[in-house]
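Engineer: give the three-dimensional model of this entry:
(chains A and B)
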Amino acid sequence: MTDSSTSLQAAPYRSQSYPYYSSPAWKRFFLTREFAVVIALIIVAAVASMSIRKFSSPLTLGYLLLDVTPILLIALPMALILISAEIDLSVASIVGLSNVTLGALFDAGWPIELAALAALVLGIVCGAINGFLVTVVGLPSLAVTIGTLALFRGIAVGILGTRSVVNFPEYWTTLTTSVFGKSGIPYVMVLVVVLALAFVLLLHFTPFGRGIFAIGRNREVAAFSGVKVQRTKFILFVLSGLVAALAGIYFTFRYGSARGDNAQGLELTVIAAVLLGGVSIFGGKGALHGVLAGVLLIGTLQSALRFVNVTSDVINIIVGALLVASIVSPSLLTWLKGKITRAAKEGTSKTPARHA
Amino acid sequence: MSLFTSLGTRGSRLAALAAVAATVALVTSGCGAGETSGPSGSSQESTAKDLSIGFLPKALGNPYFQDAAKGSEEASKELKGTFAEVGPAVSAADAQVSFINTLSQQGASGIVLSASDPTAPGSALTAARKAGTKVVTFDSDVEPKFRDLFIAPATDESIAKIQVDLLVKQIGESGEVAILGASANAKNQNAWISGMKTELAKNHPNLKLVDTVYGNDDDQESFNKTAALLQSHPQLKGIIACTNVGLAAAARYISDSSFKGKVALTGLGTPNATRDYIKNGTVSAFALYSPKDMGYLATYAIDALGKGTISGKEGETFTAGRLGKYTVGKDGVVNVGDPIVFDKSNIGNYDF
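Structural biologist: So this is what the prediction gives:
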């Protein structure tokens, strides 16, 4: 706890420089990982609309957006959690639990609005359980959420057993899948946009959000800088549970069905999209416009490939390869860059690494 | 450490490169498939000339559905139409929806569907039918209001009865029996199981059904459920496994255990999955409706619907190639025919 030990510990982080602070603003905005994903999305969408018959219609857009809505929603808090160097694998199980709770309560005669509210509250409880185990008990989130993944799914399957609840009120199911006139944009996008704006504000424009980045970079440094590390993480897990429950309600109305095994495996799709969007699995790095573009990129690619009757196994291979490439590329390039500069330096004098 | 630090500007280049690679894949595959799409828009346009069938099983890679796909493809060829098999890699309630949407947008003249969930694909199917795509389900139905016709694998009663009959033939009229099902969510499983219960109660009062367990069409789970069944009911004389995965798993457990020869096993299965157990005597006979004929019949039904020969009402008739004439039954159900019984003498003739 002496001064010398802290300064020694901090030393390695000095080499983690931020080269783009020396560049002009437009460079810092456009020459980023996130912007590359946005460009990739635009290219894929443009090529698909031009080369595939009947792809460029409002209908395609509508179906695409309906398909990716749960992923878009859950990706928002997931990005924040990953940036804080934690992970939440239990989201799909919370979606399933919320879906089943809504179904079971509706089946038991509750008004649908009240049942939905109960599902949201349950989502908050689930998130709080994750948050409690991670922050108060101090367990690693990977282990905790693998456990609650099984726990919440087990409860979901247990509640309905082998039954499934159907016949949800038509008003809600129609509302969920309805679109604005002929634009193809579903009503539910309003919800997505509002939430996305809220999360962008939270992550990029508040001290709370800067705290998330600080935690992801270095927990101790963040704590000594006045960031309430545990409270921040706890809030993130609760947010994640809440949004997952919301996605569960959407899922229920979109498909008009509540079953214990709904949305199984969704967590991996979400995490894949978030990573593709440029968030670092090691924490401390990422931006929400990249995340949203990442989700839409995967969705558009899947939709386009499905359109030309590519089988789902091949689609999975392509999406998987894209993901691996996107994760490996920055590391590989950094490593290459390091090698080149080191080789160049060997000729010249041994000066320390430049930092801004 | 340096391997994982931020890169700044250069990371964008490789990400863009990956995107370009994906795009190239998209363009090349897009050009090939562009021309094969069927007619667009309204139902009046669909004629036999441009019949395009989208075959959508619960999941790809299942030999049972592959056999049904063969039948559908055969019929599509006979009708000079195009055939495409699409579907999710893993069966899930919501997984088929995006494929239905895509087929409807491509303007397919019909979808041959085995539904993973009776309601989840409902709104997608309704939208597809509005766009002029005919929907014929087989094997596992959706709610009748979401489709035009359902091709039933023989009547539920006849399937229930044949399994009970096969068991009675082996163990006689008295003793304890049990049922190993797939999942209690599936409509067809429920219908058969309740049919078997009725059949047992009505015609075989001394056969006592002591337990019904579900293996969720998972090999390991079915295997374990069989083991548990035999342990908790030592007096058990026979098991009916009304699912292909279950029958093979139960047969594997029994053939390696002390119960071999003491407990009779029959049910529904595919010849390829059950062949070994017919050979080693664990199973003496089992039954199945022909998935190939269902796929074939469903495709002819779509053609008849498209031409306007039938509209899906009870009592209408249509001809389905080599299978002959069929009549639409109540609720738009068409029965493909009686189940086939497989035993040592005929199993060599089948390969699916």
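Engineer: for chain A, what's its nearest residue on the stretch 51-200 of chain B.
Structural biologist: Nearest residue of the stretch 51-200 of chain B to chain A: B:Ala184, at 3.4 Å (CB to the nearest CB). All C-beta atoms are positioned from the backbone trio N, CA, C, and that covers glycine.
Engineer: for the residue nearest to that residue when sequence neighbours are not counted, helix, strand, or coil?
Structural biologist: Among residues not flanking B:Ala184 along the chain, A:Thr162 sits closest, at 3.4 Å (CB to CB, 6 or more residues apart in numbering or on different chains). Three-state assignment for A:Thr162 (DSSP: H, G, I helix; E, B strand; the rest coil): coil.
Engineer: which ones are touching A:Thr162?
Structural biologist: Neighbouring residues of A:Thr162 by CB atoms under 8 Å, 6 or more residues apart in numbering or on different chains: B:Ser183, B:Ala184, B:Asn185, B:Tyr214.
Engineer: nearest spatial neighbour of B:Asp338, chain-adjacent residues omitted?
Structural biologist: Nearest to B:Asp338 is B:Ala154, by CB to CB, 6+ apart, at 5.6 Å.
Engineer: burial check on that neighbour, number of neighbours?
Structural biologist: 20 (other CB atoms under 10 Å in any protein chain shown).
Engineer: put the buried members of the contacts of A:Thr162 into a ChimeraX selection.
Structural biologist: To isolate the buried ones among those in ChimeraX, judged by 16 or more other CB atoms under 10 Å in any protein chain shown, type:
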select /B:185,214
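Engineer: these two touch, right, A:Asn130 and A:Leu239?
Structural biologist: No - in this structure, A:Asn130 is not within contact of A:Leu239 by CB atoms under 8 Å, at 10.9 Å.
Engineer: of these two, which one has the most company?
Structural biologist: The neighbour comparison of A:Asn130 against A:Leu239 (other CB under 10 Å) goes to A:Asn130, with 32 against 23.
Engineer: which pLDDT value belongs to B:Ala124?
Structural biologist: pLDDT for B:Ala124: 88.
Engineer: quick one: what helix or strand has it in it?
Structural biologist: helix B:122-130 (DSSP states H and E).
Engineer: which residues touch that helix?
Structural biologist: With CB under 8 Å, 6+ apart as the criterion, helix B:122-130 contacts A:173, A:177, A:256, B:96-97, B:100-101, B:103-104, B:111, B:113, B:135, B:142-143, B:145-148.
Engineer: chain center to it: distance?
Structural biologist: Taking CA atoms, centre = their mean, to the nearest Å, one finds helix B:122-130 lying 21 Å from the centre of the chain it belongs to.
Engineer: ditto for stretch B:97-104
Structural biologist: 18 Å.
Engineer: would you mark the buried spots in that stretch?
Structural biologist: By neighbour count on 16+ other CB under 10 Å, the buried set for stretch B:97-104 is B:Val97, B:Ser98, B:Phe99, B:Ile100, B:Asn101, B:Thr102, B:Leu103, B:Ser104.
Engineer: restrict those residues to contacts with chain A.
Structural biologist: Restricting the buried residues of stretch B:97-104 to those near chain A by CB under 8 Å from any CB of the partner chain leaves B:Val97, B:Ser98, B:Phe99, B:Asn101, B:Thr102.
Engineer: right, and the first one touches B:Ser116 too?
Structural biologist: Read that as B:Val97. No - taking contacts as CB under 8 Å, B:Val97 lies outside contact range of B:Ser116: 9.9 Å.
Engineer: please report phi then psi for B:His150.
Structural biologist: Heads up, residue B:150 is Phe, not His. Main-chain dihedrals, B:Phe150, degrees, to the nearest 10: phi -120, psi 130.
Engineer: contacts only, for it.
Structural biologist: So, once contact is read as CB under 8 Å, 6+ apart, B:Phe150 ends up touching B:Val136, B:Thr137, B:Phe138, B:Asp141, B:Pro144, B:Asp331, B:Gly332, B:Val333, B:Val334.
Engineer: now those: which count as buried?
Structural biologist: Using 16+ other CB under 10 Å as the burial test, those include B:Val136, B:Thr137, B:Phe138, B:Asp141, B:Pro144, B:Gly332, B:Val333, B:Val334 as buried.
Engineer: could I get the residues you listed as a markdown table with secondary structure?
Structural biologist: Shown next, in a markdown table, are those (three-state DSSP):
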| residue | secondary structure |
| --- | --- |
| B:Val136 | strand |
| B:Thr137 | strand |
| B:Phe138 | strand |
| B:Asp141 | coil |
| B:Pro144 | helix |
| B:Gly332 | helix |
| B:Val333 | strand |
| B:Val334 | strand |
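Engineer: dump the residue contacts of residue 260.
Structural biologist: Let's take chain A. A:Gly260 sits next to A:Gly96, A:Val100, A:Arg153, A:Ala156, A:Val157, A:Gly158, A:Ile159, A:Leu160, A:Gly161 when contact means CB under 8 Å, 6+ apart.
Engineer: let me rephrase: I mean chain B.
Structural biologist: B:Ile254, B:Thr282 are the contacts of B:Lys260 under CB under 8 Å, 6+ apart.
Engineer: that one sits in which helix or strand?
Structural biologist: Using DSSP H and E, B:Lys260 maps to neither a helix nor a strand.
Engineer: need the helices for chain B, in chain order.
Structural biologist: Along chain B, counting by DSSP state H, helices occupy B:11-34, B:63-78, B:97-106, B:122-130, B:156-171, B:187-203, B:219-232, B:244-255, B:271-279, B:291-307.
Engineer: okay, the residue in the stretch 51-200 of chain A positioned nearest to chain B: pLDDT?
Structural biologist: With CB to the nearest CB, the shortest gap between the stretch 51-200 of chain A and chain B falls at A:Thr162, namely 3.4 Å. On the pLDDT scale, A:Thr162 is placed at 73.
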